[in-house]
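Student: Model the structure of this input:
(4 chains)
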Protein chains: 2
Amino acid sequence: MITKDFLCGRLRDALTETESQALEAAVHEVIEVPARTTLVKRGEKIDKSYYLVDGFMIRYLQDRGGYRQSAGIQVAGDWVDLHSFPMKRLDHDVATLGPVTLAVFKHEQLEKLIGAHPRLARIMWFSTLLDAAMHREWVFRLGRLNAEGRIAHLICELARRLEFVGRFDGEYLDVPLHQADYAEASGISAIHANRTFRLLRERGLIANREDHVGLTILDRAELEKIGEFDGDYLYGEGQLELSEPY
Amino acid sequence: MITKDFLCGRLRDALTETESQALEAAVHEVIEVPARTTLVKRGEKIDKSYYLVDGFMIRYLQDRGGYRQSAGIQVAGDWVDLHSFPMKRLDHDVATLGPVTLAVFKHEQLEKLIGAHPRLARIMWFSTLLDAAMHREWVFRLGRLNAEGRIAHLICELARRLEFVGRFDGEYLDVPLHQADYAEASGISAIHANRTFRLLRERGLIANREDHVGLTILDRAELEKIGEFDGDYLYGEGQLELSEPY
DNA sequence: CGCTGCATTGAAATATCTCAATCAATGTGG
DNA sequence: CCACATTGATTGAGATATTTCAATGCAGCG
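Tutor: Numbers count the residues shown, from 1 in each chain, chains lettered A, B, ... in the order given. Here you go, the predicted model:
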């Protein structure tokens, strides 16, 4: 089941068996893409959308100096650029972080899908609004928190979202982000991100992994505190009532 | 015509005469709300959405100290909380800046509307995605620009969006924002916003109005340069092809 | 007149950036 | 197997940006 993680932990029971199968059948192809590959460039005309089956991707804008600002990180179960379906054009780039598995949906096919299953249109709309809610939280994160809080908040968000799709055990956060990626997502320099990580380590909140991939969360409560993290914006299970299409 | 500014300058020709009239007929009531009033609180269960006929509103998150971070400013022609239609609950607060005129749409009524006119659903989806695009740009603005750039960028965004709905003449930007509002939207202290405005004035980019609120834009090109502003993310006229529902 | 809300200024404290360098792990070619 | 390049993490020190605290100015208003 390729799309089993879609909205998992949020709208787990949202899709009927029929809808779920229809969605699955609408997959055009499944592809593997290596790490650090830009898949969609800003401004391109788009006729397909990607659903992230497994792995991590990043959506980013660029400043005039070529520096990136990440606008969101996508994890398994996310649509990466579903908004290109109504909009037909992206205002940002999309790239892989580690190696990923993607399901490709042709827009043409999506039209047929939601024509046959109107509730799916509503659910996809909801899914893009979830992205918007995360964007708002990032605005908050960048606008109101210092470097320490920003990184803590990001770690908490990743932990919570990975939990939703059964990929976080409460301790080992298996993400392929480098310190520079945290920096790009947090609006700080890579060097300052490094110092901030040291601080978080020294305070006993996180620890590096021996193998240097991912990190260990030691004190999640404290991370949530200094990151002012409250996961409500992720509209987790039980916090949501999806409206029904007419 | 209450909804005449909806997506103006973007999807000017998107609505057929029939759809336009149906939308207009779906208005439950039109209300006036005084300045500085919080209309929707985070977490509330919602069964209606507001369309901003005239005036300015703000959407904001709050940190643990009670300080606000604005996540977006709404101008005439915007839906303020249309995303509450699929989501039923907001993750942020919504308040008026100056006095506003609002059209109220019951969600129940919106269901009927888009049931009868499926393209309107797609257009509303698009409208919420436009908000998301603006959120992303704000993430960029806060993550990559310094105080001067952030304020310049915000001024440019307001100018462009007001232009879209025929409310900016190229010089006098008639917005009811205080310096503290710019600060809350820019992730800086009100005092630093003040110093930044002085800087922009001294550089001849803007000027205060003697009698009115709002400000005069003297050098828009330079503002766009230091704000690294490129309005593409607003999906203005000619930059968009709306996909057609099945 | 004395409020009140907003804009303004100065000065010291803090946060963050930039530049320059080092270190550790990994991979590659000879 | 070693020499070397590369990548990411780390550290120090000085420069810059921003905050905080404390105070003043200024206009409208009951």
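Student: switch to C-alpha atoms for all contacts and neighbour counts from now on
Tutor: Fine.
Student: residues in chain A within reach of DNA strand C, list them.
Tutor: A:145-148, A:187-189, A:191-193, A:211 (CA under 7 Å from any atom of the strand).
Student: Which member of those residues is positioned nearest DNA strand D?
Tutor: A:I191 (5.0 Å; CA to the nearest atom of the strand).
Student: so which strand or helix has the closest one?
Tutor: Following DSSP states H and E, one finds A:I191 within helix A:190-202.
Student: Contacts for that helix, please.
Tutor: Residues from elsewhere that reach helix A:190-202 (CA atoms under 8 Å, 6 or more residues apart in numbering or on different chains): A:147-148, A:151, A:179-180, A:182-184, A:206-208.
Student: Are any of those residues buried, and if so which?
Tutor: Burial by neighbour count, 16 or more other CA atoms under 10 Å in any protein chain shown: within these this picks out A:147-148, A:151, A:179-180, A:182-184, A:206-207.
Student: Just the C-alphas of stretch A:206-216, formatted as PDB.
Tutor: Taking Å, rounded to 0.1, in the frame of the first residue of the first chain, the C-alpha atoms of stretch A:206-216 are listed here in PDB:
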ATOM      1  CA  ILE A 206      19.900  16.000  22.700                       C
ATOM      2  CA  ALA A 207      22.900  13.900  21.800                       C
ATOM      3  CA  ASN A 208      24.700  13.100  18.600                       C
ATOM      4  CA  ARG A 209      24.600   9.600  17.100                       C
ATOM      5  CA  GLU A 210      27.900   7.800  16.800                       C
ATOM      6  CA  ASP A 211      27.300   7.300  13.100                       C
ATOM      7  CA  HIS A 212      26.500  11.000  12.700                       C
ATOM      8  CA  VAL A 213      23.100  10.300  11.100                       C
ATOM      9  CA  GLY A 214      20.200  11.800  13.000                       C
ATOM     10  CA  LEU A 215      20.100  12.600  16.700                       C
ATOM     11  CA  THR A 216      18.900  11.300  20.000                       C
END
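Student: Now it: buried residues?
Tutor: Across stretch A:206-216, burial judged by 16+ other CA under 10 Å covers A:206-207, A:214-216.
Student: Among these, which pair sits farthest apart?
Tutor: Across the buried residues of stretch A:206-216, the longest distance by CA to CA is 10.6 Å; it joins A:I206 and A:G214.
Student: coming back round to it: near chain B, which of the buried ones among the contacts of helix A:190-202 show up?
Tutor: Residues of the buried ones among the contacts of helix A:190-202 in contact with chain B (CA under 8 Å from any CA of the partner chain): none.
Student: List the ones among these that fall in helices.
Tutor: Of those, the ones assigned to helices by DSSP state H are A:147-148, A:151, A:179-180, A:182-184.
Student: where exactly do the helices run in chain A?
Tutor: In order along the chain, chain A carries the following helices (DSSP H): A:17-25, A:84-87, A:107-116, A:118-144, A:147-164, A:179-186, A:190-202, A:220-226.
Student: by contact count, what packs against the fourth one?
Tutor: Here helix A:118-144 is seen to pack against strand A:68-74, helix A:107-116, helix A:147-164, strand B:68-74, helix B:84-87, helix B:118-144 when contacts are counted using 3 or more CA pairs under 8 Å, 6 or more residues apart in numbering or on different chains; DSSP states H and E.
Student: Can I get those in a markdown table including mean pLDDT?
Tutor: Shown next, in a markdown table, are these (pLDDT from 0 to 100):
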| stretch | mean pLDDT |
| --- | --- |
| strand A:68-74 | 98 |
| helix A:107-116 | 96 |
| helix A:147-164 | 98 |
| strand B:68-74 | 98 |
| helix B:84-87 | 94 |
| helix B:118-144 | 96 |
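Student: returning to what we had before: from the buried ones among the contacts of helix A:190-202, which single one is nearest DNA strand D?
Tutor: DNA strand D has its nearest neighbour among those in A:Q179, at 4.0 Å by CA to the nearest atom of the strand.
Student: what sits against that closest one?
Tutor: Going by CA under 8 Å, 6+ apart, A:Q179 touches A:190, A:193-194.
Student: Show the buried residues in the residues you listed.
Tutor: A:190, A:193-194.
Student: got CSV for the residues you listed, with pLDDT and distance to B:R36 too?
Tutor: Shown next, in CSV, are the buried ones among the contacts of A:Q179 (pLDDT from 0 to 100; distance: CA to CA, whole Å):
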residue, pLDDT, distance to B:R36
A:A190, 97, 40
A:A193, 98, 38
A:N194, 98, 41
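Student: Contact partners for A:G187?
Tutor: A:G187 is in contact with A:69, A:142, B:142-144, counting by CA under 8 Å, 6+ apart.
Student: now the residues you listed: which count as buried?
Tutor: Buried by 16+ other CA under 10 Å: A:69, A:142, B:142-144, out of the contacts of A:G187.
Student: Please identify which pair of these lies farthest apart.
Tutor: Using CA to CA, the buried ones among the contacts of A:G187 reach their maximum pairwise distance at A:Q69 and A:L142, which is 11.1 Å.
Student: Common neighbours of those two, please.
Tutor: When contacts are counted by CA under 8 Å, 6+ apart, A:Q69 and A:L142 have A:186-187, B:139, B:143 as shared neighbours.
Student: tell me the contacts of the most centrally placed residue in chain A?
Tutor: With distances taken as CA atoms, centre = their mean, A:Q74 lies nearest the centre of chain A, 2.3 Å away. Applying CA under 8 Å, 6+ apart, we find A:Q74 in contact with A:52, A:56-59, A:80.
Student: so how far is A:F164 from it?
Tutor: Distance from A:Q74 to A:F164, counting by CA to CA, to the nearest Å: 13 Å.
Student: likewise A:P34?
Tutor: The gap separating A:P34 from A:F164 is 25 Å, by CA to CA.
Student: One more: A:V213?
Tutor: A:V213 sits 21 Å away from A:F164, taking CA to CA as the criterion.
Student: Domain boundaries for chain A, per the record?
Tutor: Domain assignment of chain A by automatic domain parsing yields the ranges A:17-121, A:140-233.
Student: Format the helices of chain A as a markdown table; extra columns: distance to DNA strand D.
Tutor: A markdown table is the format used below for the helices of chain A (distance: least, CA to the nearest atom of the strand, whole Å):
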| stretch | distance to DNA strand D |
| --- | --- |
| helix A:17-25 | 35 |
| helix A:84-87 | 29 |
| helix A:107-116 | 34 |
| helix A:118-144 | 8 |
| helix A:147-164 | 12 |
| helix A:179-186 | 4 |
| helix A:190-202 | 5 |
| helix A:220-226 | 14 |
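Student: returning to that earlier point: could you work out the most separated pair of the contacts of A:Q74?
Tutor: In the contacts of A:Q74, two members sit farther apart than any others by CA to CA. They are A:L52 and A:R59, at 12.8 Å.
Student: sorry, back to before: for B:K48, find the nearest of the helices of chain A.
Tutor: B:K48 lies closest, by CA to CA, to one member of those: helix A:118-144, at 16.5 Å.
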